[in-house]
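Peer 1: Provide a 3D model corresponding to the input given below.
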Amino acid sequence: MDRRVAFAILLMLGILFLPTLLFPPKPPSPSALRHADSLRADSLRKDSLARRQQQRPAAAPAALPAALAPATQPADTVGGERVTVASPLYRYAFSTRGARLVAAEPLNYRSFAPGDTGKAQLIPPDAEFLTYALVVGNDTLSLADWRFTPSQQDVTVGADSTTVDWVARRGPLTVHLRYVFAPKEYLFHVRGEVSGLGTGGLVLVGLGPRLRMVDADSASDIRAYGVVTKASSTENVGFGKLEAGKPRDMPGPFDWVAIKSKYFMAAILTIAEGAPRLGGAVAVGGPREGHYATSADVRASLAAPGGQFRFAVYVGPQEYSRLARIGHSLEDINPYGWVFRPVIRPFSIWIVQLLLWMHDALSLAYGWVLILFGLAVRVLLWPLNQKAMRSSVAMQAIQPELKALQERLKNDPQKQQQEMFKLYKEHGVNPLGGCLPMLIPMPVLFALFFVFANTIEFRGVPFLWLPDLSRADPLFIIPIVMGLSMFAVSRIGQIGVPPNPQAKMMLYVMPVMFTVLFLRFSSGLNLYYAVSNIASIPQQWLIARERMRRTGKG
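Peer 2: Numbering: from 1, shown residues only. This is a model prediction of the structure:
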């Protein structure tokens, strides 16, 4: 039974991960992404110029004042000046052109993208983060080119919250925005008021085209690009599922709408008490680079009764504890588990919380936390493993009687089954007991795979010779140690066991296969599994000695 379970688990792991590891799709190079950004920027500028040239005062929608025609547009709205907002946690930059967000740096995180130095810059060139448009009836008025006058130019957020007011006017229409920043949160609040439109309408808020790539593994970063919405549950639509140039409606109402990369996110949230929820969102797929969709234009809609609206903006890391404090399941943006999500996610969340708590409470590096966690798992499972291993020893002891019974009743399967269960009962043997030592740690191992693949707290964290616990060991030392430890556990487990050609083959095949499989997995996962295997050797040795005493070989 042990060998069949082991082979089934090995086969499942191989089917899941080996094709991706051996034949990964080639990601777009950073230069290709920069070229795409440049083309998109040119397209945006040309499209904006064409719209301005085509519009005439006489063609202004009846629902909008005619004085809002482009003839009144200030000459400097094409560029715009920067307004910086800085705290010990972040540095944001906004443009006076549309009051849009043009730069966002979480100061605790650096960029690992090729050619980058310094902090992670999340906003690509000519992005459309926090671009506004007003919808009144069948008419839409974009504020993206409006010049807003800020109340402050260079802002430092101190111990208390800080406010920046923005005002823009065209004819009888006035738009007032207020951004409120907190010193210790990536979340800032937006209040808006539009006067001159009567009863109000809808506000469209832009997100996109994507977050900038800031990780060394561009393939996994880009594969994670997606639009995530939260209604009664969260829904993640990968950029790759959006058709280029075709809008995809996402009917609300939503608590929040976000775009994400592997470790970072930008979200619009309506979480204030009494604030109307987002009415919905529309996502338009961008061009593809090979297997990947690298961008999407996303806009969320928000009701503005009486011309007033409010929402919050989060631009920063996907830190589980920070997102959980905000509430409204914002931490659910991280897709632990793929198709195994219902089973794996609870384990993943529990493990993340435990590892973060151990790191903070014990003031230990995450590498030592993983070592302690691996030891603790083995200690907690010791009694159950001991019982299961002894059941396996007892099963081996009755093998001669079992084989004789099977031979004697080979022509009567029903009688054979009855006598086998009777034999198990007489000797107190559980035929499935030997499976438990392998099956029990599996949920933890699977959960840790997704934890290290998606948890930003491990991003860029070094340990001993390992430069980054979230990435593979560049020297392949830790996966080899893991494979050797797996071989040692299996070899000791076969001491005192009658010779079996299949078991001998698995003794060599499984450690080699697991080593190859784990070569490209995160070094943190390999570290945990190696420690877990090494910690199980003493128990395997004690059981081996007990087995040898029972068989008279010790």
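Peer 1: what helix or strand is residue 302 on?
Peer 2: Using DSSP states H and E, residue 302 sits in strand 296-305.
Peer 1: Counting neighbours, which bits of that strand end up buried?
Peer 2: 296-304 (16 or more other C-beta atoms under 10 Å). For glycine as for every other residue, the C-beta is placed from the backbone atoms N, C-alpha and C.
Peer 1: Help me confirm that residue 109 comes into contact with residue 319.
Peer 2: No: taking C-beta atoms under 8 Å as the definition, residue 109 is not a contact partner of residue 319, at 9.9 Å.
Peer 1: Find residues that contact each of the two.
Peer 2: Common contacts of residue 109 and residue 319 (C-beta atoms under 8 Å, 6 or more residues apart in numbering): residue 456.
Peer 1: Lowest-scoring secondary structure element of the protein by mean pLDDT?
Peer 2: helix 30-54 (a mean of 44; mean pLDDT, DSSP states H and E).
Peer 1: what's in contact with the strand holding residue 302?
Peer 2: 128, 133-135, 192, 194, 199-210, 225, 227, 239, 242, 252, 254, 257, 259, 268, 270, 276, 278-286, 309, 311.
Peer 1: how about a cut-off of 7 Å?
Peer 2: For strand 296-305, the external contacting residues (C-beta atoms under 7 Å, 6 or more residues apart in numbering) are 128, 194, 200-210, 227, 239, 242, 257, 259, 268, 270, 276, 278-286, 309, 311.
Peer 1: what's the answer for stretch 351-364, then?
Peer 2: 320-321, 366, 369, 372-373, 444, 447-448, 451, 455, 457.
Peer 1: which one of those sits closest to residue 536?
Peer 2: Nearest to residue 536 among these, counting by C-beta to C-beta, is residue 444 at 13.2 Å.
Peer 1: In a helix, that closest one, correct?
Peer 2: Yes: the assignment for residue 444 (DSSP: H, G, I helix; E, B strand; the rest coil) places it in a helix.
Peer 1: do you know how far residue 467 is from residue 460?
Peer 2: Here residue 467 is placed at a distance of 8 Å from residue 460 (C-beta to C-beta, to the nearest Å).
Peer 1: Please say which of these two ends up with more neighbours.
Peer 2: residue 460 (19 against 16; other C-beta atoms under 10 Å).
Peer 1: roughly how far apart are that one and residue 466?
Peer 2: Distance from residue 460 to residue 466, counting by C-beta to C-beta: 11 Å.
Peer 1: Low-confidence stretches in the stretch 1-150 of the chain?
Peer 2: Residue ranges of the stretch 1-150 of the chain with pLDDT under 70: 1-79.
Peer 1: Can you name the helix or strand that the closest residue to residue 258 other than its chain neighbours falls in?
Peer 2: Spatial nearest neighbour of residue 258, excluding adjacent residues (C-beta to C-beta, 6 or more residues apart in numbering): residue 267 at 3.5 Å. According to DSSP H and E, residue 267 maps onto strand 264-269.
Peer 1: Which strands or helices does that strand pack on?
Peer 2: Judged by 3 or more C-beta pairs under 7 Å, 6 or more residues apart in numbering; DSSP states H and E, strand 264-269 is in contact with strand 200-207, strand 256-260, strand 308-317.
Peer 1: worst average pLDDT in those?
Peer 2: Per-stretch mean pLDDT for the helices and strands packed on strand 264-269 is lowest at strand 200-207 (a mean of 86).
Peer 1: Give me the distance from that one to the chain's centre.
Peer 2: Its chain's C-alpha centre and that of strand 200-207 lie 28 Å apart, by C-alpha atoms, centre = their mean, to the nearest Å.
Peer 1: same deal with stretch 144-154?
Peer 2: The answer for stretch 144-154 is 34 Å, by C-alpha atoms, centre = their mean.
Peer 1: All further residue positions should be reported with the first residue as 352.
Peer 2: Yep, numbering from 352; the last one is stretch 495-505 now.
Peer 1: That stretch: end-to-end distance?
Peer 2: 22 Å (C-alpha to C-alpha, to the nearest Å).
Peer 1: Buried residues, it. List them.
Peer 2: 495-499, 501.
Peer 1: Kindly report the same for stretch 459-470.
Peer 2: For stretch 459-470, by 16+ other C-beta under 10 Å, it's 460-464, 467, 470.
Peer 1: now do stretch 623-636
Peer 2: 626, 628-636.
Peer 1: quick one: average confidence on that stretch?
Peer 2: Stretch 623-636 shows a mean pLDDT of 84.
Peer 1: could I have that stretch exported to PDB, CA atoms only?
Peer 2: The C-alpha atoms that make up stretch 623-636 are tabulated as PDB, following Å, rounded to 0.1, in the frame of the first residue of the first chain:
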ATOM      1  CA  ALA A 623     -16.400  53.300   4.000                       C
ATOM      2  CA  GLU A 624     -19.600  52.900   6.000                       C
ATOM      3  CA  GLY A 625     -22.500  54.200   3.900                       C
ATOM      4  CA  ALA A 626     -20.500  54.500   0.700                       C
ATOM      5  CA  PRO A 627     -22.200  53.100  -2.400                       C
ATOM      6  CA  ARG A 628     -20.500  50.000  -3.800                       C
ATOM      7  CA  LEU A 629     -18.800  50.000  -7.200                       C
ATOM      8  CA  GLY A 630     -21.500  49.500  -9.800                       C
ATOM      9  CA  GLY A 631     -19.300  47.300 -12.000                       C
ATOM     10  CA  ALA A 632     -16.200  47.200 -14.200                       C
ATOM     11  CA  VAL A 633     -15.100  46.800 -17.800                       C
ATOM     12  CA  ALA A 634     -11.900  45.300 -18.900                       C
ATOM     13  CA  VAL A 635     -10.500  45.400 -22.400                       C
ATOM     14  CA  GLY A 636      -7.700  43.000 -23.300                       C
END
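Peer 1: Having no further points to raise, I will conclude here.
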